[in-house]
Every structure is written in C-alpha cells, then in structure tokens.
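1. next one to model:
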Amino acid sequence: MGGCIPKRIAVPRARHSVDTAENRIVRAFLDEVTALVDRVEARARQKPAAAVWQRMADDCARVRSTLAPVVRHGLWRDVGRMTHVPLSSSVLQRRREYREVLRQHLALRASARLPIDTDLVASQLLGVNDVATMYELWCFFTIVREVEALRGPPVRAGRLRADEVQVAAERGLAVVWSDGLEVAFNVTFTKRSSGERRSSSLLLRPDIVVRVLGPDGHASLHVLDAKLRVQRVREEPDDTDEERDGSSGLGFQRSDVAKMHAYRDALPSVRSAFVL
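-> So this is what the prediction gives:
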C-alpha cells in the first residue's frame, strides 16, 4: 500500500429486513383480495334485499374478518409495493407458504379469463357452475354456430344479460336469420299464449327451439332438450328404437324420451323433438 493506510474501509454488514420481493407479493395479494372483497360487498349491499345478495354480503364480511389480523399486522408497514412478480425466486417456489400465496395470486388473476386447458376447465370451471345449465348453453351456442356456418351471419341476435357477478342468457334469447330461421333459448309455452307458443296443456319450456319458415309462410318448430346424463338402458320387449341406441347399448333416461313425446302432444306447432 506504499506506506499508506486508508482512512475508511467498507465492511459489508448483514441487515435484517422484511422488505423482500417475496413479502412484497404477499402484501400485493392481500391488498388485491381486500379490494375485491370491498367491491363485491359494496355491490351486494346496493342490490335488492334478495337472499343471494345477502349471502354474498355475509360471505364478504366473513372473509374480511378472517383477513383482518393478517392485513393489520405491523410487518407490512416495512414492506414496499410489488414492482414485479419474482417467479425465479427459489424462496417463492420452494417455501410452502410462499408457494401457496403465489398459486392463489395467479389463480385470482386468471379467474376472469376462460381457461383453455381442458383439465383446468373440468377441475375449476365446471366445479363452480351449474353443469347442466352450462351444457344447455353450450348446445344452444353450438347450434347457432352450425346454422351460421350454413346460412351466414344472422340479422338479429338477443343480448346476454351481464352484471357484476355473472353473465346469463335470459329466457327467450333468440338469434334470427334473414330467411326467418330462428334459434331460441328457453322459450316458454303456456295455455294462455297464442300462435306458435301455445301449449294445449302444461307450461313447457324446451331448452332450445329451432323455428323454420316454410315456402308457404307457415312456421314449424323443432325442440331440443340438453340432457347431461346417459345411462345404460336394460333391454325389454317393449323398448323401441327411439328409446335406445342399439349400436352402443347406451340410451337416455326414459323420462327424457317421455318429455319429447309430451312436447309433440302438447305443442301444436312442434314437428320434432330431440334429446341432446
């Protein structure tokens, strides 16, 4: 050192800090969940005094009560805002608690997007919705898509009803083409109705109604019910071909087939009825 010594020497010193990238993502997740709970509860309180909205508000209150001790902990005063998700962090990937927070954080971000992976659809999307209703809607939109492929774009289509918590297809939602062909969802037939939507006996509501306008200007209706259940039918002497599939041994429940006969008998405008 040429006979000289420095006045100061930098010595590294370890300093304990909770302001780490891993803790920042935990704080960001807590802030996001808290804000989401607040928004949902505020919307639920503004709605009419229906049981579903009251349950939703009560659920939000319980979630907030559970989160409160964690959110109010003094630790978070020293933790900064998250600027990026440290996916390469070994702590975030290997420590069980951090790994679970990361999983929930990513799931929350992805919850507003339709998952493409079929396994994810089966395990998550179908787990939180009425599967039978989803199958009805899938059949309806599939038929609309197939008709569109044959006839081109429709000239008129009903709108889905959307609010803060759901997107729903209302009864009577219809898609219409220029030649009068119409595909409708959950059309109601009653004794008080007139014309094509009249029922001679019971109130009936097929899942899907296809209306075809003939050359003479008269319309014929074809109804389809979406049934997400198949059972093996025991062959009996009085079984008919329309009650069982002879090639596979699988058939729909007889009550479903009976419903198709009810449509044919009670709805004068119906020319055919099918189980999907």
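2. what ranges do the strands span in this structure?
-> In the chain, the segments counted as strands under DSSP state E are 156-157, 161-162, 167-168, 173-176, 182-185, 208-213, 219-225, 231-232, 250-251, 270-275.
3. would you mind finding the most buried of the ones you listed?
-> strand 182-185 (a mean of 22; mean count of other CB atoms under 10 Å). C-beta coordinates here come from the backbone N, C-alpha and C atoms, glycine included.
4. and V175, how far from P153?
-> 10 Å (CB to CB, to the nearest Å).
5. to clarify, my last question referred to R95.
-> In this view, R95 and P153 are 53 Å apart by CB to CB.
6. what about these two, which has more around it?
-> Neighbours of R95 and P153, each counted by other CB atoms under 10 Å, are more numerous for R95; the result is 14 against 9.
7. what bits of the stretch 51-200 of the chain have low per-residue confidence?
-> By pLDDT under 70, the low-scoring segments of the stretch 51-200 of the chain are 111-130, 163-166.
8. the helices in it, which residues?
-> 51-71, 90-94, 96-110, 118-120, 131-151 (DSSP state H, counting those that start in this stretch).
9. can I get the ones you listed in JSON lines including distance to P206 and mean neighbour count?
-> Converted to JSON lines, the helices of the stretch 51-200 of the chain look like this (distance: least, CB to CB, whole Å; neighbours: other CB atoms under 10 Å):
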{"stretch": "helix 51-71", "distance to P206": "26", "mean neighbour count": "13"}
{"stretch": "helix 90-94", "distance to P206": "52", "mean neighbour count": "13"}
{"stretch": "helix 96-110", "distance to P206": "35", "mean neighbour count": "13"}
{"stretch": "helix 118-120", "distance to P206": "29", "mean neighbour count": "10"}
{"stretch": "helix 131-151", "distance to P206": "10", "mean neighbour count": "15"}
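10. now those helices in CSV, with distance to L213?
-> Listed next are those as CSV, based on distance: least, CB to CB, whole Å:
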stretch, distance to L213
helix 51-71, 40
helix 90-94, 61
helix 96-110, 44
helix 118-120, 38
helix 131-151, 12
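11. between the ones you listed, which one is closest to H16.
-> When the helices of the stretch 51-200 of the chain are ranked by distance to H16, counting by CB to CB, first place goes to helix 90-94 at 15.3 Å.
12. got the contact list for S272?
-> 222-223, 264 (CB atoms under 8 Å, 6 or more residues apart in numbering).
13. again, only this time at 10 Å
-> If you count contacts by CB atoms under 10 Å, 6 or more residues apart in numbering, S272 has them with 210, 220-224, 260, 263-264.
14. and for D265?
-> Residues in contact with D265, defined by CB under 10 Å, 6+ apart, are 200-202, 273.
15. drop anything exposed from those residues.
-> Burial by neighbour count, judged by 16 or more other CB atoms under 10 Å, picks out A273 from the contacts of D265.
16. just send the contacts of D265 back as a markdown table, with distance to V33 too.
-> As requested, the contacts of D265 are exported to a markdown table (distance: CB to CB, whole Å):
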| residue | distance to V33 |
| --- | --- |
| S200 | 55 |
| S201 | 52 |
| L202 | 48 |
| A273 | 48 |
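17. quick one: which of the contacts of D265 is nearest to R62?
-> Using CB to CB, the contacts of D265 come closest to R62 at L202, 42.5 Å.
18. that closest one and P6, how far apart?
-> 98 Å.
19. do the same with H222
-> H222 is 94 Å from P6, by CB to CB.
20. same question for R254.
-> Separation of R254 from P6 (CB to CB): 96 Å.
21. these two: which is more packed in?
-> In terms of neighbours (other CB under 10 Å), R254 is the more surrounded of R254 and P6; the figures are 13 against 7.
22. how about the nearest residue to C139, chain neighbours excluded?
-> Among residues not flanking C139 along the chain, A226 sits closest, at 4.2 Å (CB to CB, 6 or more residues apart in numbering).
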